[in-house]
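1. With the sequence up front, the predicted model follows.
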Amino acid sequence: MKTKFLNKEAKIAVIGLGYVGLPLAVAFVQKGFQTIGYDTRAKKVQSLVAGVSDIADISNQTLQACLDTNAFELSASPEILHEADAIIICVPTPLTEAMEPDMSFIRSAMQDISTYAKEEVFVSLESTTYPGTTRELICAPMLEKGYTLGQNFFACYSPERVDPGNKQFQTLNTPKVVGGVDAMSKELGEILYGQVIDTIVPVNSAEVAEMSKLLENTFRSINIAFINEMALLAEKMEIDIWETIEAASSKPFGFMKFTPGPGIGGHCIPLDPMYLSWKAKSKNFYSRFIELAHETNHLMPEKMVDHAAEALNLHQKSINGSKILLVGMAYKENSNDLRESPGLHMYEQLVLRGADVSFCDPEAPTFRDADGNMQHSIPLNYQAFALYDLVVIVTPHKVFDLKQIGTESPLILDTKNALKDMFQEKKWAYGKVQMKQVTAKGVK
Ligand code: SAJ
């Protein structure tokens, strides 16, 4: 196996051709490996075979160039896994309704691997998961099938670190942590990933690698929750949180900048910490930090709706019956991803409170609301913003002309301080400090 990895004779299979798997498969092709892309979604595979990529980080041109090498084989049939020496699992690890790890995609991938894998195989798991998964869900089924760890079966964990849309850090130049379930697996993982990715960070077990990923993202969740709480406190103290953060950020050491907002979205930060707290509970350990961060972050959309009510109130209006426009619905700037987006939570809350809610997001133009109805973005026509009682800046994509939004909108709730000090006449409201400056009867 080692020789095959070193000589690039090994055939690689990537299971799951999403924002992680497709770029990884492309990277292996580009580095000269015969590569299989396997995904259970036949339509997805057909589209890729036709040279059409639905992953923003992989252009159609890049995909077609890989297909033209004849070293990239795509399939929706698991039988193809029999050809692979190394199989890399890049499938989703969502949460169940009960906020517990949903391992169904990993189990399904392992069902395919244990059924079709060749007599000697290396398996790497990249999906974010709780410590112990690789040993429990990757190794156990293979050993039950008669494979022998360290002889004809090797397994490692190597967390995905894909940041969709990040032009600076992509698959090849983002350091890759690799931990094996035994020494040989670790060595093979280091060699294989080292053939493709610039920097490998070997660790002494799969569990350390699994834990490191959860540490990375739980760190973010807790710090985002902390700065959100600081923002709420600063309002009570009538102190400008944004200026405070800028001042603290001038410290060249010992401080890391996070910014408050309407809450957290995406497929990582809201979910990954819950994998850790779930596993901790199995050890009778209750992480108050993780739970509190989750609670604080998930309260933010509703806090923003309360701000909307206060902003309208300054104009003797109520949410009920007001026309409200949400600007930017994707979970973060310049993304089209709506998963767990705070904007969606705000939308539902405002509808429940009787508002006539619209949204404008050229990046994420449609979504299905809680009643299952498709909602469509209004056209990006800034003059139309004047027709709303309140305009809420939720996700300030770079596509937006913030000056025009500030000029045309009668009242703005700027949840991310996107407008900063763009206007002298403060007609927007973020937090009580600025609200008091909103020009309205009886308020100065
Ligand atoms: N957010 C804040 N305040 C902040 C930072 C983020 O409110 O200071 C919000 C964002 O608006 C968003 C959510 O948190 O709704 C998550 O934002 P994120 O910047 O963490 O972006 P993600 O979800 O794409 O996180 C990914 C993660 N990457 C992987 O898991 C491989 C994370 O580890 C990265 O640090 C992050 O990208 C990144 O830095 O872009």
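-> Yes, it's here. Residues are numbered from 1 along each chain as shown.
2. so who does the residue nearest to Ala234 when sequence neighbours are not counted touch?
-> Once flanking residues are discounted, Ala234 sits nearest to Ile241: 3.9 Å by C-beta to C-beta, 6 or more residues apart in numbering. (C-beta placed from N, C-alpha, C; glycine too.) Ile241 is in contact with 230-231, 234-235, 260, 431, counting by C-beta atoms under 8 Å, 6 or more residues apart in numbering.
3. again with Asp369
-> 347-348, 351, 375.
4. redo that, cut-off 6 Å
-> Asp369 is in contact with Gln375, counting by C-beta atoms under 6 Å, 6 or more residues apart in numbering.
5. how near is it to the ligand?
-> 19 Å (C-beta to the nearest ligand atom, to the nearest Å).
6. what does the protein put close to the ligand?
-> Within reach of the ligand by C-beta under 6 Å from any ligand atom, the chain has these residues: 160-163, 216-217, 220, 224, 258-259, 261, 264-266, 268-269, 331-332.
7. From the residues you listed, which land in strands?
-> Using DSSP state E, no member of the residues of the chain next to the ligand sits in strands.
8. Helices - which of the residues you listed land there?
-> Secondary structure from DSSP state H places 216-217, 220, 224 of the residues of the chain next to the ligand in helices.
9. of the residues of the chain next to the ligand, buried ones?
-> For these, a burial check counting by 16 or more other C-beta atoms under 10 Å picks out 160-162, 216-217, 220, 224, 258, 261, 264-266, 268-269, 331-332.
10. With only the CA atoms kept, save stretch 262-272 in PDB.
-> Output of stretch 262-272 as PDB, limited to C-alpha atoms (Å, rounded to 0.1, in the frame of the first residue of the first chain):
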ATOM      1  CA  PRO A 262     -28.000  38.400  14.200                       C
ATOM      2  CA  GLY A 263     -26.800  34.900  15.200                       C
ATOM      3  CA  ILE A 264     -24.800  32.100  13.600                       C
ATOM      4  CA  GLY A 265     -25.600  29.900  10.600                       C
ATOM      5  CA  GLY A 266     -23.900  27.400   8.300                       C
ATOM      6  CA  HIS A 267     -23.200  23.800   8.400                       C
ATOM      7  CA  CYS A 268     -20.300  23.900  10.900                       C
ATOM      8  CA  ILE A 269     -20.500  26.400  13.800                       C
ATOM      9  CA  PRO A 270     -24.000  25.800  14.900                       C
ATOM     10  CA  LEU A 271     -23.600  22.000  14.700                       C
ATOM     11  CA  ASP A 272     -20.100  20.900  15.500                       C
END
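11. show me what contacts the residue of the chain found nearest the ligand?
-> Closest approach of the chain to the ligand (C-beta to the nearest ligand atom) occurs at Gly266, with a separation of 3.0 Å. When contacts are counted by C-beta under 6 Å, 6+ apart, Gly266 touches Tyr331.
12. what about it, distance to Phe289?
-> 20 Å (C-beta to C-beta, to the nearest Å).
13. Below-threshold pLDDT in the stretch 151-300 of the chain: ranges please.
-> Applying pLDDT under 70 to the stretch 151-300 of the chain flags no residue at all.
14. Can you tell me the SS state at Gln375?
-> strand (DSSP: H, G, I helix; E, B strand; the rest coil).
15. Give me the pLDDT for it.
-> Here the pLDDT value assigned to Gln375 is 98.
16. try Glu144
-> Glu144 is given a pLDDT of 95.
17. who touches Asn217 in this structure?
-> 268-269, 272.
18. Name all residues that make contact with Ile319.
-> 309, 353, 355.
19. Out of the residues you listed, grab the one that's most surrounded.
-> Ala355 (23 neighbours; other C-beta atoms under 10 Å).
20. my guess is that residue meets Ile324, correct?
-> Yes - between Ala355 and Ile324 there is a contact under C-beta atoms under 6 Å: 4.7 Å.
21. before we move on, the earlier item: out of the contacts of Ile241, who has the most neighbours?
-> Pro260 (26 neighbours).
22. ok, and the closest non-adjacent residue to that residue?
-> For Pro260, the closest residue by C-beta to C-beta, 6+ apart turns out to be Ala231, at 3.5 Å.
23. Kindly confirm my reading that that neighbour forms part of a strand.
-> No - per three-state DSSP, Ala231 lies outside any strand segment and is helix.
24. Quickly note the distance from it to Ile12.
-> Distance from Ala231 to Ile12, by C-beta to C-beta: 46 Å.
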